[in-house]
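Student: Need the 3D shape of this:
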Amino acid sequence: MALREKAEIFWLNKREYCIIKSPVFGNVVMIEVGATMVGSMIQTYQGTNVKKGEEKGYFKFGGFDSCPVI
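Tutor: Numbering: from 1, shown residues only. Okay, here's the model as predicted:
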């Protein structure tokens with residue numbers, strides 16, 4: 001039933017980006033792409049700094065939600 005109503009879940013991708021300030025490379029854009037069946041991307045970090053190896057976020061699987069497509 002879901003495929004009959006929302007078949008576009010197979011070709012729409014979710015995208016989010018953030019700018020990483022690197023002392024070596026300057027500003028670097030990190031683009032996150034959630035493909036087939038990713039409903040949204042959840043950003044879990046707090047503040048403006050993320051340390052190497054720490055969780056920044058995760059992909060939430062399943063259908064569409066209210067998260068905008070960029």
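
Student: from here on, contacts and neighbour counts on C-alpha atoms
Tutor: Will do.

Student: the helices in this protein, which residues?
Tutor: 2-5 (DSSP state H).

Student: Spell out for me which residue occupies the centre of it.
Tutor: residue 41 (3.8 Å; Cα atoms, centre = their mean).

Student: Would you confirm that that residue contacts residue 60?
Tutor: Yes. Assessed by Cα atoms under 8 Å, residue 41 is found in contact with residue 60 at 5.7 Å.

Student: sorry, back to before: what's the nearest residue to the residue nearest to the centre of the chain if we skip its chain neighbours?
Tutor: What sits nearest to residue 41 in space, not counting adjacent residues and going by Cα to Cα, 6 or more residues apart in numbering, is residue 59, at 4.5 Å.

Student: low-scoring stretches of the chain, by residue?
Tutor: 1-11, 37, 62-70 (pLDDT under 70).
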